[in-house]
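Enquirer: Take a look and give me a structure for this.
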Amino acid sequence: MSSNTEQTFYADAVLFDMDGTLTDSIAAVEAAWGKVATDIGQDPAYVIAATHGKRAVDNLAQFKPHIKEHEMDREVQAFEESILYFADAYTKHGPGSLQNSPVNSGATTPALSPSSSNPASRNSSRASSFVGTLAQLAPFRRPSFLHRVSSLLTMSPSIREADSEALENPISEESEEVSEDWKATLQKKHQFEAWQLEAAAVDRSVRILPGVKRVMDSIPKGRYAVATSGAKTYAYGCMTRVGITPPEVTITADDKRLKAGKPAPDPFLLAAKELGFDAKRCVVFEDSPSGIRAGVASGATVIAVCTSHERAKIENCGAHFIVDNMEQIEITPEGEGENLRLKFTIKPKAADAHAHAQEQEQEEKPVALPQAQTKQQSSHPLAAPPITATQPIMAQ
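Expert: You can find the predicted model right below:
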């Protein structure tokens, strides 16, 4: 639900989804799934829509049923490394490398401003062309996807004759051709495949979403976890790129303790258990329909953020609260030790608050004496003063 009045409640811990909630790598993810779609002759838009918020292992099993069980871990890693390649290609090999020095695989990327958090503000890769196959890179799977690409390039006779500086910095400032036609230069010098050129043409870098750093910094260590549909390669790669240190409890899709991924509640239940709290005393932050349903099924209080989906697409998934992004959230620790509780404050959007204030002003009678106003409290079951572990949850 959403409200134009401030609401507060208390809980013990926080369980974050990652992509679309903490980070925005949707452009790179869509590009990677779009490439898979092209490889198998499917419509990219259909595959992208069907895979969002679900584990790569489940999606690959659905769209690439020929993958054998013993091959799946390797295929998932190769796919998730392709996401990171799409995320980094613009800055490492494309026009972005002309303005900035190439970044390494752990480099951070800019934060999104509140105005750029709208999912429509990022160029979707659905309109892009996806050419080539990951299978062509199969012999180069170790040790990493980015290293495999470099190895692939070194197989070219023209590259063998190139100097080492050109290998490390494919786009040299000394080349006038690069500034005039970087794509033609790359293709000539390194024999990039079409999909690699397309990857370098569009900025799909990973970004941190509005309010995330402030909210995460406000939560004591040991009181929050990440539970994501991404495997470890992708999850840790995304978080480190935007300056987020993965918490000690980070549940990824390749965790062998999981029997099922979202929309099943298993990832959130395991995260809560590892933190040492009952999921019913936790708050889940999610952006996707499948993730929201997983949070609701776990028994947690779910706050949905409209960072990757329009409100209409997620408002009927069962979330207890819906906000535009984490700029509307404040988390304040109260108490100490075992008695520590997290106070959640959900602020209305500025426009909603202004409209509410105008409504109140219109309803006031000129002759009425000023009345002290009390802040409205949420009717949610967790809306109670700080409690100890032995006290029942009571509505206020």
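Enquirer: can we go C-alpha only for contacts and neighbour counts from here?
Expert: Noted.
Enquirer: can you give me the helices in the stretch 201-350 of the chain?
Expert: Using DSSP state H, counting those that start in this stretch, the helices assigned to the stretch 201-350 of the chain run over residues 212-217, 232-241, 266-275, 289-298, 311-314, 350-363.
Enquirer: If you average the pLDDT over the third one, what comes out?
Expert: Mean pLDDT, helix 266-275: 98.
Enquirer: Return the distance of residue 242 relative to residue 346.
Expert: Residue 242 is 25 Å from residue 346, where distance means CA to CA, to the nearest Å.
Enquirer: circling back to that earlier point, most tightly packed of the helices of the stretch 201-350 of the chain?
Expert: Neighbour counts (mean count of other CA atoms under 10 Å) averaged over each of the helices of the stretch 201-350 of the chain peak at helix 289-298, with a mean of 25.
Enquirer: Give me the mean pLDDT for it.
Expert: pLDDT averaged over helix 289-298 gives 97.
Enquirer: Between helix 266-275 and it, find me the angle.
Expert: With axes from the mean of the first three to the mean of the last three CA atoms, to 10 degrees as the basis, helix 289-298 and helix 266-275 are set at 50 degrees to each other.
Enquirer: Give me the contacts around helix 289-298.
Expert: The contact list for helix 289-298 (CA atoms under 8 Å, 6 or more residues apart in numbering) reads 17, 53-54, 262-266, 268-269, 279-280, 284, 286, 301-302, 304, 313-314, 317-319.
Enquirer: Mind doing that once more with 6 Å?
Expert: For helix 289-298, the external contacting residues (CA atoms under 6 Å, 6 or more residues apart in numbering) are 262, 263, 264, 265, 286, 314.
Enquirer: Of these, which is the most crowded?
Expert: residue 286 (32 neighbours; other CA atoms under 10 Å).
Enquirer: you'd agree residue 280 is up against residue 302?
Expert: No: using CA atoms under 6 Å, residue 280 is not in contact with residue 302; the gap is 10.3 Å.
Enquirer: And these two? Which one has more around it.
Expert: A direct count of neighbours by other CA under 10 Å for residue 280 and residue 302 places residue 302 higher, at 26 against 18.
Enquirer: how much space between that one and residue 317?
Expert: According to CA to CA, residue 302 and residue 317 sit 10 Å apart.
Enquirer: Just the CA atoms of stretch 319-327, as PDB, please.
Expert: Provided in PDB are the C-alpha atoms of stretch 319-327 (Å, rounded to 0.1, in the frame of the first residue of the first chain):
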ATOM      1  CA  ALA A 319       3.600  -5.800  -0.800                       C
ATOM      2  CA  HIS A 320       2.700  -4.000   2.500                       C
ATOM      3  CA  PHE A 321       4.200  -0.700   1.300                       C
ATOM      4  CA  ILE A 322       5.100   0.700  -2.100                       C
ATOM      5  CA  VAL A 323       7.600   3.600  -2.500                       C
ATOM      6  CA  ASP A 324       9.200   5.200  -5.500                       C
ATOM      7  CA  ASN A 325      12.700   4.400  -4.200                       C
ATOM      8  CA  MET A 326      14.700   4.300  -0.900                       C
ATOM      9  CA  GLU A 327      14.800   8.100  -0.700                       C
END
